[in-house]
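predicted coordinates and the sequence they were generated for:
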Amino acid sequence: MTIRSETRSPTPLRMLGGAAIVLALSGMMTMAPPAAAQVERSLRPPGGHTVPELADTAFISPANRRRKLPVHFDNAGMGQMVPKTVRIGAQSRAPGYAWFDGNVRDGFVDGGGDLLFASFTEGQDATMVVAVDPPDSLYTITIGLGDPAHARGPVDVVANDSLVAAAIVTEPGERRTITFSLPARAGRLAVRFIARSCAGFAVSDLKVEGPAPSWLGFLFAPVPPMPTIVPESSSLPPATADTTRALLRRLAGYLMDHQPRGGGWSSWGLWYQSAFAVRGILSAGIVLDEPLWREAAFTVIDRFAAEQHDSGGWSASYFGPDSCRVHIARDTSSTNLADVGAMALVLSLAAPEASEERGKRWLEAARGYADRVILPEQLPDGAFPNRKWMGKDYLGPYSVATATQCSNLMVLGAVTDDARYTTAAEKAAAWLATTILEDGRVALYPHDSPNQKILDSTRFGDVFYIIEALVWTRDLTHDTPLRLTCQAAINRWLTGSSGIKRMALHGYWWAPMDLWASSKMAGVPWILARDPRRGGQPIIDNWLDRAIGWLADPTRAQLIGVGAHPSSARGEYGLTATGFAAMGLASALNPAVLRPAAR
């Protein structure tokens with residue numbers, strides 16, 4: 001192994017999207033490297049529930065050879081890329097290379113003369129995996145480490161479970177390169193970066209060289225052809241209580257197996273993504289009586305509550321392990337009501353399930369947010385704005401922000417018996433109900449424009465939140481006319497002439513759309529499971545059974561992200577989609593799960 005070092009002039013750090021983020025350098029230390037036998041496996045083995053998706057070997061067949069080695073990866077994220085390199089970033093999900101397991105994000109430095117050093121991917125503990133062919137040859141890897149503006153490390157580098165570099169430290173403006181050789185394992189080169197302080201690691205580039213000839217391979221097995229994405233309902237397996245429990249257990253196991261190192265359930269550290277996975281794993285833990293799952297959810301909620309700002313609000317994102325919370329500067333570029341509201345709702349939903357001390361602490365945080373941030377933001381007509389997102393302040397009414405805050409306030413009012421929250425939520429719900437058109441389409445107020453957009457009912461990416469808010473209000477309000485108004489709006493969306501049932505294939509499911517929207521499609525069973533007509537009207541019971549039957553097929557479910565490996569092409573929102581699906585399955589088994597009683 002060789003290590004080379006060169007120093008560049010430090011320049012101010014900026015993160016993608018214009019948000020300035022600085023990592024604190026307190027707590028820098030040098031630690032003895034761990035013995036190789038003690039290093040945790042770079043690619044964590046499945047825990048018994050995960051749907052197998054990794055290929056047996058990265059090389060599939062000669063027809064799949066895509067790019068010859070050597071390949072030089074530039075960790076440019078969405079920044080400017082060095083010519084003749086291959087871009088990789090925190091959100092990359094290419095067939096032959098991706099980041100695994102950790103919470104990573106992209107950064108760059110304005111004005112840096114060296115494009116390769118100016119951009120980087122940073123984190124605390126994550127693994128970059130490259131698929132190669134031949135699958136068992138010796139390869140040479142060269143890694144660039146360092147940050148133009150800040151000190152990094154100490155960092156250990158583990159390649160295919162062997163420690164190849166220990167306690168690497170870089171000063172501001174210093175770039176160090178590490179070169180080593182290792183044999184591929186099943187056609188994969190897995191390079192794990194483990195930071196031993198809160199300064200974290202910064203990887204600028206990685207070069208892979210192999211024997212002649214050699215190529216990039218494939219990380220994941222090819223998806224088998226699906227002649228029928230939505231089959232006739234008669235071909236679906238019956239959704240019995242036992243099969244639904246088994247499916248819920250499998251999906252909860254997936255969430256536990258694939259929780260990123262550092263906590264939460266978002267590879268990018270977004271609270272709204274974690275919120276639905278937390279609700280899914282907590283619901284599963286309650287219904288299936290799995291205390292470890294409940295505690296895993298509670299640990300994430302503890303962190304969210306602890307990260308509350310003095311103002312009462314939260315950043316929309318988090319980064320790094322909980323132990324580094326006070327050492328890593330917050331990203332305050334987004335504190336928007338839509339994203340934060342999705343996670344704030346979890347505080348009130350989970351409080352009755354936790355210990356008295358935890359529940360009290362979480363409700364104090366939820367009350368502080370409502371009193372100091374949310375209630376003052378409500379517009380005269382009942383809507384809410386999004387406010388600060390990606391560094392820009394949005395003051396007009398936004399349907400999704402109104403929906404997430406309606407849900408948040410409605411549940412908070414129910415668990416605290418505080419009429420202020422209930423009244424504000426009811427006003428928001430009345431406003432939302434008017435946006436569901438007679439035919440089931442939705443008149444959406446976007447976050448960045450005063451002009452409404454008429455959306456198809458199946459635009460689940462935005463519309464799910466609106467329907468969820470109407471469900472919470474219908475279930476928890478004491479205002480009978482409002483309850484009927486909410487149910488009528490939900491009915492229009494479900495069964496109107498352009499409602500989701502009319503738009504469904506074979507009357508129960510939809511063709512996959514973009515992955516962000518498809519992840520919310522997985523939440524439709526939650527809405528059906530909560531419908532008061534269950535057990536009395538076959539239209540709801542049959543529809544729910546068929547939806548669960550569709551999700552029970554792993555290959556089909558992965559088309560919308562459910563159970564898809566988080567680093568695969570279909571797994572971009574896999575953790576979130578699986579959380580939505582788990583919420584619905586748990587509610588199908590027990591409609592009262594995570595449902596506070598109306599007071």
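Good, I have the coordinates. Numbering: from 1, shown residues only.

and residue 163, which helix or strand is it part of?
Under the criterion of DSSP states H and E, residue 163 resides in strand 162-170.

next structured bit after that strand?
Assigned by DSSP H and E, the successor of strand 162-170 is strand 174-183.

would you mark the buried spots in that next one?
Going by neighbour count (16 or more other Cβ atoms under 10 Å), the buried part of strand 174-183 is 174-180, 182. Every C-beta, even on glycine, is put in place using the N, C-alpha and C of the backbone.

the strand holding residue 163 packs against which elements?
Counting contacts by 3 or more Cβ pairs under 8 Å, 6 or more residues apart in numbering; DSSP states H and E, strand 162-170 packs against strand 2-7, strand 152-159, strand 174-183.

angle of it against strand 152-159?
Taking axes from the mean of the first three to the mean of the last three Cα atoms, to 10 degrees, strand 162-170 and strand 152-159 form an angle of 160 degrees between their directions.

tell me the secondary structure at the residue lying farthest from the centre of the chain.
Outermost residue of the chain with respect to the C-alpha centroid, by Cα atoms, centre = their mean, is residue 212; its distance is 39.5 Å. Here residue 212 is coil, with the state taken from DSSP: H, G, I helix; E, B strand; the rest coil.

gap between it and residue 218?
As judged by Cβ to Cβ, to the nearest Å, residue 212 and residue 218 stand 20 Å apart.

residue 87 too?
Using Cβ to Cβ, we find residue 87 at a distance of 18 Å from residue 218.

what do you get for residue 493?
Plainly put, residue 493 is 41 Å away from residue 218 if you go by Cβ to Cβ.

how about residue 277?
Relative to residue 218, residue 277 is positioned 27 Å away (criterion: Cβ to Cβ).

what's the mean pLDDT across the helix or strand where residue 362 lies?
Following DSSP H and E, one finds residue 362 within helix 356-369. Mean pLDDT, computed over helix 356-369, is 98.

outside of it itself, list whatever touches it.
For helix 356-369, contacts defined as Cβ atoms under 8 Å, 6 or more residues apart in numbering pick out 298, 301-302, 304-305, 308, 312-314, 340, 344, 347-348, 350-354, 408, 412, 415-416, 418.

ok, residues contacting the following helix or strand past it?
Secondary structure here is assigned by DSSP H and E; on that basis, the next helix or strand after helix 356-369 toward the C-terminus is helix 375-377. Under the criterion Cβ under 8 Å, 6+ apart, residues 337, 384-385, 387, 420-421, 424 lie in contact with helix 375-377.

do stretch 87-99 as well
Here stretch 87-99 makes contact (Cβ under 8 Å, 6+ apart) with 58, 66-67, 73-78, 81, 86, 104-106, 121, 126-131, 206, 216-220, 267-268, 567-569, 571-572.

of those, buried ones?
Neighbour counting over the contacts of stretch 87-99 (16+ other Cβ under 10 Å) leaves 58, 73-77, 81, 86, 104-106, 121, 126-131, 206, 216-220, 267-268, 567-568, 571-572 as the buried ones.

now the stretch 1-150 of the chain, which segments are flagged as low pLDDT?
In the predicted model of the stretch 1-150 of the chain, residues 1-66, 78, 110-112 satisfy pLDDT under 70.

how about the strands in it?
Ranges of strands in the stretch 1-150 of the chain, per DSSP state E, counting those that start in this stretch, are 2-7, 13-15, 71-74, 86-87, 93-94, 97-100, 104-109, 119-123, 125-133, 138-145.

quick one, which of those is nearest to residue 504?
The closest of these to residue 504 is strand 93-94. By Cβ to Cβ, the value is 28.2 Å.

can you give the strand pairings for that closest one, parallel or anti for each?
Each strand that pairs with strand 93-94, with its direction, by DSSP bridges: strand 97-100 (antiparallel).

how near is the residue lying closest to residue 429 once chain neighbours are set aside to residue 407?
What sits nearest to residue 429 in space, not counting adjacent residues and going by Cβ to Cβ, 6 or more residues apart in numbering, is residue 473, at 3.8 Å. Separation of residue 473 from residue 407 (Cβ to Cβ): 8 Å.

what's the overlap in contacts for those two?
Shared between the contact lists of residue 473 and residue 407 (criterion: Cβ under 8 Å, 6+ apart) are residues residue 425.

what are the buried residues along stretch 518-538?
Neighbour counts over stretch 518-538 (16+ other Cβ under 10 Å) mark 518-531, 534 as buried.

looking at those residues, which is nearest residue 156?
When the buried residues of stretch 518-538 are compared for distance to residue 156, the smallest value, 34.3 Å, is given by residue 519; criterion: Cβ to Cβ.

tell me which element the closest one is part of?
Element membership of residue 519, judged by DSSP H and E, is helix 515-521.

please save the CA atoms from the following helix or strand past that helix in PDB.
The helix or strand immediately downstream of helix 515-521 is helix 524-529, counting by DSSP H and E. These are the backbone C-alpha positions of helix 524-529, laid out as PDB (Å, rounded to 0.1, in the frame of the first residue of the first chain):
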ATOM      1  CA  VAL A 524     -52.900   3.300  -0.300                       C
ATOM      2  CA  PRO A 525     -53.600   0.200   1.800                       C
ATOM      3  CA  TRP A 526     -53.200   2.300   4.900                       C
ATOM      4  CA  ILE A 527     -56.000   4.500   3.700                       C
ATOM      5  CA  LEU A 528     -58.200   1.500   2.800                       C
ATOM      6  CA  ALA A 529     -57.500  -0.200   6.100                       C
END
